[in-house]
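Sequence and predicted structure are below.
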Amino acid sequence: MTTKNALVTGTSSGMGLATAEYLLAQGWNVIGVDINATDISHENFRCIVTDITNQEVLTAELKEIEHLNLAANIAGVFPPSTLDTMTFEQYRRIFDVNVWGTLAVIAAARPLLVEGSAIVNFASVDAFTVSPGQLLYGASKAAVVMLTKELALELAPMKIRVNAIAPGWVSTPGNAATGRMAAAAHSIPLGRVAQPEEIAAWVHLLGSDLASFMSGETIVLSGGDVMR
């Protein structure tokens, strides 16, 4: 049986790192992409250190890959912003990484994605519900939800499925740095935040045959905190 290959962004920490490790444990080959080096020592892991917005570099780096079965767009930025604090530079950074970066990775990966392969984008619960102080981030993740639908339609003739995950609070270094994670857990019906490995399991599921008839959807993983 041919070994499955996955391209995963944001692998230096958090959900990206957990997803890379989860897939490796399931026997996949993983190509990680991050602006920082990834601390994974595994014979089936290769790291590409670059900005995900650089489509030309990504395309060149992936030339050595024979095929891909999964592309998981997990890298993202989420600095707080309001109408009073936003700047054009901040707008460009958030949308460049969260929206254009997602598209750049997909464009670079598409020639390598085989029939039956999957793309998993990362949106956020902030795409569906208002989060105070996340004006630009919420808008960028709402854009990811729509581009997931558009790409699902565009790539369906190639038998490539496109879905997204919208996580709520997850125990990552970035979320921990906000200082609000413990308080947030009390408002979640399940009484806790998610672990990165739980999100990684959903990436694997969406990339598997169990989701072979699913495309264009965004799965909310919030412990019941956001229902739609």
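That came through fine. Numbering: from 1, shown residues only.

So what's the gap between whichever strand or helix holds Asn163 and the chain middle?
Using DSSP states H and E, the element containing Asn163 is strand 161-167. Distance of strand 161-167 from the chain centroid (C-alpha atoms, centre = their mean, to the nearest Å) equals 8 Å.

What lies in contact with that strand?
Contact with strand 161-167 is made by 15, 117-125, 127-128, 141, 144-145, 148, 151-152, 155, 194, 199, 202-203, 206, 211-212, 214-222, 226, as judged by C-beta atoms under 8 Å, 6 or more residues apart in numbering. All C-beta spots, glycine's among them, are computed from the backbone N, C-alpha and C.

Which helix runs longest in this protein?
Counting by DSSP state H, the longest helix found in the chain is helix 135-155.

what's next to it, contact-wise?
So helix 135-155 is in contact with 77-83, 86, 90-91, 94-95, 98-99, 102-103, 106, 110, 119, 121-124, 126-128, 130-131, 161-164, 166, 215-218, going by C-beta under 8 Å, 6+ apart.

From those, keep the buried residues only.
Neighbour-count burial within the contacts of helix 135-155 applies to 77-78, 81, 90, 94-95, 98-99, 102-103, 106, 110, 119, 121-124, 126-128, 131, 161-164, 166, 215-218; the criterion is 16 or more other C-beta atoms under 10 Å.

Among the residues you listed, which are located in helices?
Gln90, Ile94, Phe95, Thr102, Leu103, Ile106.

Give me the neighbour count for the closest residue to the second one other than its chain neighbours.
Going back to what we said before, that points to Ile94. In space, and not counting its chain neighbours, Ile94 is closest to Leu136: 4.7 Å by C-beta to C-beta, 6 or more residues apart in numbering. Number of residues near Leu136 (other C-beta atoms under 10 Å) recorded here: 23.

Kindly check the end-to-end length of stretch 85-101 for me.
One end of stretch 85-101 to the other measures 24 Å (C-alpha to C-alpha, to the nearest Å).

quick one: average confidence on that stretch?
For stretch 85-101, the mean per-residue pLDDT is 98.

what's next to it, contact-wise?
9, 51-53, 73, 75-79, 81, 135-137, 140-141, 143-144, 147.

any idea how far it is from the chain center?
Distance of stretch 85-101 from its chain centroid, counting by C-alpha atoms, centre = their mean, is 17 Å.

Could you do stretch 113-131 as well?
Offset of stretch 113-131 from its chain centre (C-alpha atoms, centre = their mean): 6 Å.

go on, stretch 148-161?
The chain centroid and the centroid of stretch 148-161 are separated by 17 Å, computed with C-alpha atoms, centre = their mean.

heads up, I number from 28, so please use that
New numbering, starting at 28: the last item is stretch 175-188.

how long is that stretch end to end?
10 Å.

which element follows the helix or strand of the chain at the bottom of the mean pLDDT ranking toward the C-terminus?
The helix or strand of the chain with the lowest confidence, counting by mean pLDDT, DSSP states H and E, is helix 200-203 at a mean of 83. Sequence order places helix 208-214 as the next helix or strand after helix 200-203, per DSSP H and E.

check contacts around the nearest residue to Val76 once chain neighbours are set aside.
Closest residue to Val76 apart from its sequence neighbours, by C-beta to C-beta, 6+ apart: Ala64 at 5.7 Å. Neighbouring residues of Ala64 by C-beta under 8 Å, 6+ apart: Ser39, Cys74, Val76.

one step back: of the contacts of stretch 112-128, keep whichever come out buried.
Counted by 16+ other C-beta under 10 Å, these give 36, 79-80, 100, 102-105, 108, 162-164, 167-168, 170-171, 174 as buried.
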